[in-house]
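[1] how does the following fold in three dimensions:
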Amino acid sequence: MTKLTRAKTIGLGLAGLALVGGGVLIWMAGGGTNAPTQEIIDRKNEAKVEGSHTESAGVEISPEAMAQAGIRVAPLMPRVVPLLIRAPGEVVTNRFGSGVVTPPTTGTVTERRAALGDRVRKGQVLAVLYSPEMAEALSQFRIVEQEWRRVRELGREIVSDRRFNEARAARQQALTRLVGFGVSPSQLEAVAERDGAAAGHVQLVAPRDGVVGSDAFDVGELVVPGRTLFTIVDERTAWIEARVSPVQAQNLRVGQLATLRVGDAEIAAVLRSVQPMVDPVTRTVTLRFDAGNADGLLRSGLFVEVEIPVEGGAPVLALPLDAVLRGPDGDWQVFFADDAGRFRPAEVKLMRADARIAVVEGIDPGTPVVVAGAFFVQSEAAKGGFDPHNH
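    You can find the predicted model right below:
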């Protein structure tokens, strides 16, 4: 055998021994570690099973902790929940409880006796203006008044019927003119005694009790009849105007109660009128509400939110709004108590909600759910890290 042949034989033999040795090592590794590997797999499976039991076990809260956190549980039963119509509203002046002060004749404002925000009484003098027409009317009244007194003293036995009737008619005509200038019959004697410049002064008085809401004029300004110098408003009540769709307006009736929301404040209101026509621009119907305003919170021009409950509808599953929470995955959920007294989450579908009530679906009627303190239960559940879907 040559050296080359002997070398090849030796190489093949070594390769064979290597293959055999590798097979033995593989067999030893597989057979020798078979039991420990299976044990590790079994432990992992057990851990998964135990973990799933931990996730679905819910959270247990002691009665003492429930009382301290204000947690309450109640069966979720179907009930009729009023629909809630929400609409933006604006406070406007109660025109039934307000009045304006306008000059009865052209004149110049000589004196102001009230200002914006002042509380005034009915008949109180608010301003004085000088009117040449008033001075002329007073002069004419004094003349005819003297003539009337003369013929009345003489009597019908001496004075002819024509003169008597003319004197009486002239006095009545002059009196009517003064009344048009705002002079009441009780003021006639005092006005008739005025002389000189005082004869042309007109006193503008408040038409009712209230607060001065506007006073857009200046002393020395020439004003004309119809110009509003003062607005007197009664702040004890206010009007609120809101707009709704024609479909929503069909479910409303005069006298219906509503709630006004101004920040955190809630004010009761009553629906007083529903406009019979649809606004051609906004395609909405205007509603007018009355509300008490003893504290002065409702000021003209203030925007409020109007909530109008509408009765009717089929029974639904409803619970307090704060009992429905967002879960870790963003879905809505409520917490219910199982037979063991543990709290578990249940995913629900939020159908509608208002400021207080949430209507849900996806949970069986009669289920005992957390109606107060749900946030505390959710916080305790988050500490346990269980699946919000209860898988």
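[2] so who does residue 207 touch?
    Counting by C-beta atoms under 8 Å, 6 or more residues apart in numbering, residue 207 touches 99-101, 122, 232. For glycine as for every other residue, the C-beta is placed from the backbone atoms N, C-alpha and C.
[3] the same query, at a cut-off of 6 Å, please.
    Going by C-beta atoms under 6 Å, 6 or more residues apart in numbering, residue 207 touches residue 99.
[4] thinking residue 85 is in contact with residue 248, fair?
    Yes: with contacts counted by C-beta atoms under 6 Å, residue 85 reaches residue 248, the gap being 5.2 Å.
[5] give me the common contacts of the two.
    Contacts common to residue 85 and residue 248, judged by C-beta under 6 Å, 6+ apart, are absent.
[6] now residue 353: closest residue in space that isn't a chain neighbour?
    The shortest distance from residue 353 to any non-neighbouring residue, by C-beta to C-beta, 6 or more residues apart in numbering, is to residue 321 (5.7 Å).
[7] can you check residue 180 too?
    residue 104 (6.1 Å).
[8] the spatially most central residue of the chain sits in which helix or strand?
    With the centre of the chain defined as its mean C-alpha position, the nearest residue by C-alpha atoms, centre = their mean is residue 305, 2.2 Å away. When elements are assigned from DSSP states H and E, residue 305 belongs to strand 303-310.
[9] ends of stretch 119-137, what's the gap?
    32 Å (C-alpha to C-alpha, to the nearest Å).
[10] avg pLDDT for it?
    Mean pLDDT, stretch 119-137: 90.
[11] now do the buried residues in that stretch.
    By 16 or more other C-beta atoms under 10 Å, the buried positions in stretch 119-137 come out as 120, 126-131, 134-135, 137.
[12] right, and out of those residues, which lies closest to residue 243?
    residue 120 (33.7 Å; C-beta to C-beta).
[13] distance of that closest one from residue 111?
    Residue 120 is 15 Å from residue 111, where distance means C-beta to C-beta, to the nearest Å.
[14] same thing with residue 245?
    Distance from residue 245 to residue 111, by C-beta to C-beta: 52 Å.
[15] swap in residue 79?
    66 Å.
[16] repeat that for residue 130.
    Distance, residue 130 to residue 111, by C-beta to C-beta: 9 Å.
[17] same question, residue 329
    Residue 329 is 74 Å from residue 111, by C-beta to C-beta.
[18] then residue 238?
    Distance, residue 238 to residue 111, by C-beta to C-beta: 32 Å.
[19] do the same with residue 201
    With C-beta to C-beta as the criterion, residue 201 and residue 111 are 9 Å apart.
[20] next, show the common contact partners of these two.
    residue 128.
[21] these two: who's more crowded?
    Legend: neighbour count by other C-beta atoms under 10 Å for residue 201 and residue 111, higher for residue 201 (18 against 14).
[22] need the contact list for that one.
    128, 130.
[23] element containing the closest residue to residue 267 other than its chain neighbours?
    Leaving out its chain neighbours, the residue that sits closest to residue 267 by C-beta to C-beta, 6+ apart is residue 260, at 4.3 Å. Using DSSP H and E, residue 260 falls within strand 257-262.
[24] taking strand 303-310 as reference, get the angle to that strand.
    150 degrees (axes from the mean of the first three to the mean of the last three C-alpha atoms, to 10 degrees).
[25] ok, residue 293 - how many residues close by?
    Neighbours of residue 293 (other C-beta under 10 Å): 18.
[26] so it touches residue 234, yeah?
    No: using C-beta under 6 Å, residue 293 is not in contact with residue 234, being 9.0 Å away.
[27] quick one on the thing from earlier: in this structure the residue nearest to residue 267 contacts residue 271, no?
    No: assessed by C-beta under 6 Å, residue 260 is found out of contact with residue 271, at 11.7 Å.
[28] ok, residue 205 to residue 121 distance?
    Residue 205 is 10 Å from residue 121, by C-beta to C-beta.
[29] what does residue 95 give?
    20 Å.
[30] nearest residue to residue 243 other than its sequence neighbours?
    Residue 243 sits nearest to residue 284 (C-beta to C-beta, 6+ apart), 3.9 Å away.
[31] so which residues of the stretch 151-300 of the chain form strands?
    Under the criterion DSSP state E, counting those that start in this stretch, the stretch 151-300 of the chain carries strands at the ranges 201-205, 210-214, 222-223, 230-233, 237-244, 257-262, 265-274, 285-292.
[32] for residue 157, which of those is the nearest?
    Nearest to residue 157, of these and by C-beta to C-beta, is strand 201-205 at 40.5 Å.
[33] buried sites along the closest one?
    Applying 16+ other C-beta under 10 Å to strand 201-205 flags 201-205 as buried.
[34] low-confidence ranges, the chain, go.
    1-57, 184-199, 312-313, 355, 384-391 (pLDDT under 70).
[35] let's see it at 50
    Counting by pLDDT under 50, the chain shows low-confidence ranges at 1-56, 197, 386-388, 390-391.
[36] could you chop it up by domain?
    55-78+314-384, 84-95+235-310, 103-227 (automatic domain parsing).
[37] mind checking how far the longest one is from the chain centre?
    This points to domain 103-227. Offset of domain 103-227 from its chain centre (C-alpha atoms, centre = their mean, to the nearest Å): 48 Å.
[38] between the two ends of that domain, how far is it?
    First-to-last residue span, domain 103-227, C-alpha to C-alpha: 7 Å.
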